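Trainee: following is a predicted model, sequence given first.
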Amino acid sequence: TQLLEQSPQFLSIQEGENLTVYCNSSSVFSSLQWYRQEPGEGPVLLVTVVTGGEVKKLKRLTFQFGDARKDSSLHITAAQPGDTGLYLCAGSYGNKLVFGAGTILRVKS
Amino acid sequence: KAGVTQTPRYLIKTRGQQVTLSCSPISGHRSVSWYQQTPGQGLQFLFEYFSETQRNKGNFPGRFSGRQFSNSRSEMNVSTLELGDSALYLCASSYFIRTGNKDTQYFGPGTRLTVL
């Protein structure tokens, strides 16, 4: 059983479209991180959210942490082909980092 | 500052053999974590070392072991390889052991292990 459920598993969209990736859990996390991974590389940290209700923006990416600190979302505005990759959420749980299964995003030009 | 390096990048072994993977953390980082990544299970935590001591361990069999040296470099070993051990093994380093949950983990490119 995955502690962190990520959805959708796969997303294929056209350049310029908007999208949202969700990360949900029944557990409370002290913080949640979003990573992006490209083929042949390790995950690269995009953002860490700590406070319930927190919203962080990174250019066209908007990250939100749920009020109860059990869920998070990543919204990309006007997606570009360079956004293609595997997006992973990870929650700090009991001194470990637990990862969701990931969302494979493909942005077609 | 150089990133996390892992060697080798690719490895092919046969069932029953053993393998040792190496990780050099970012200079100054004392915490090293290992993860296994597979298409079916995603990223799963193996273990974490800090100052040469294993501080956390995931739910993997005893065939998976690791160690950390005084210079913070780490190795992981898998004995009696099974087909299911084929995966991307990732190493991540951070400055402090993750207690405040705010330490950024920096990942290496991984070692792709194929077991035939």
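Mentor: Received the coordinates, thanks.

Trainee: spell out which parts of chain B neighbour chain A.
Mentor: Within reach of chain A by Cβ under 8 Å from any Cβ of the partner chain, chain B has these residues: B:4, B:33, B:35, B:42-45, B:48, B:55-56, B:58, B:90, B:92, B:98-99, B:101-102, B:104-110. Where C-beta positions appear, they are placed from N, C-alpha and C, glycine not excepted.

Trainee: among those residues, name the buried ones.
Mentor: B:4, B:33, B:35, B:42-45, B:48, B:55-56, B:58, B:90, B:92, B:98, B:101, B:105-110 (16 or more other Cβ atoms under 10 Å in any protein chain shown).

Trainee: just the CA atoms of the longest strand along chain A, as CSV, please.
Mentor: Criterion DSSP state E: the longest strand present in chain A is strand A:85-93. C-alpha atoms of strand A:85-93 as CSV (Å, rounded to 0.1, in the frame of the first residue of the first chain):
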residue,chain,number,x,y,z
GLY,A,85,9.6,14.4,-17.1
LEU,A,86,8.7,12.3,-14.1
TYR,A,87,7.2,14.4,-11.2
LEU,A,88,7.5,12.9,-7.8
CYS,A,89,6.0,14.0,-4.5
ALA,A,90,7.7,12.9,-1.3
GLY,A,91,6.6,13.3,2.3
SER,A,92,8.7,13.5,5.5
TYR,A,93,7.2,10.7,7.6
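
Trainee: just the buried ones among the residues of chain B next to chain A: which are in helices?
Mentor: The members of those all map outside helices under DSSP state H.

Trainee: tell me the phi and psi of residue 81?
Mentor: Unless you meant another one, I'm taking chain A. The phi/psi pair for residue A:81 (degrees, to the nearest 10) reads phi -50, psi -30.

Trainee: not what I meant, chain B
Mentor: phi -60, psi 140.

Trainee: same question, residue B:85
Mentor: Torsion angles, degrees, to the nearest 10, at residue B:85: phi -80, psi -10.

Trainee: on that earlier part again, now the longest strand of chain A: average pLDDT?
Mentor: For strand A:85-93, mean pLDDT rounds to 91.

Trainee: so what strands line up beside whichever helix or strand comes after that strand?
Mentor: As assigned by DSSP states H and E, the chain's next helix or strand after strand A:85-93 is strand A:96-99. In the sheet, strand A:96-99 lines up against strand A:85-93 (antiparallel) (DSSP bridges).

Trainee: tell me the strands in chain A, going along the chain?
Mentor: A:5-7, A:10-14, A:19-24, A:32-37, A:44-49, A:55-58, A:61-65, A:71-76, A:85-93, A:96-99, A:103-108.
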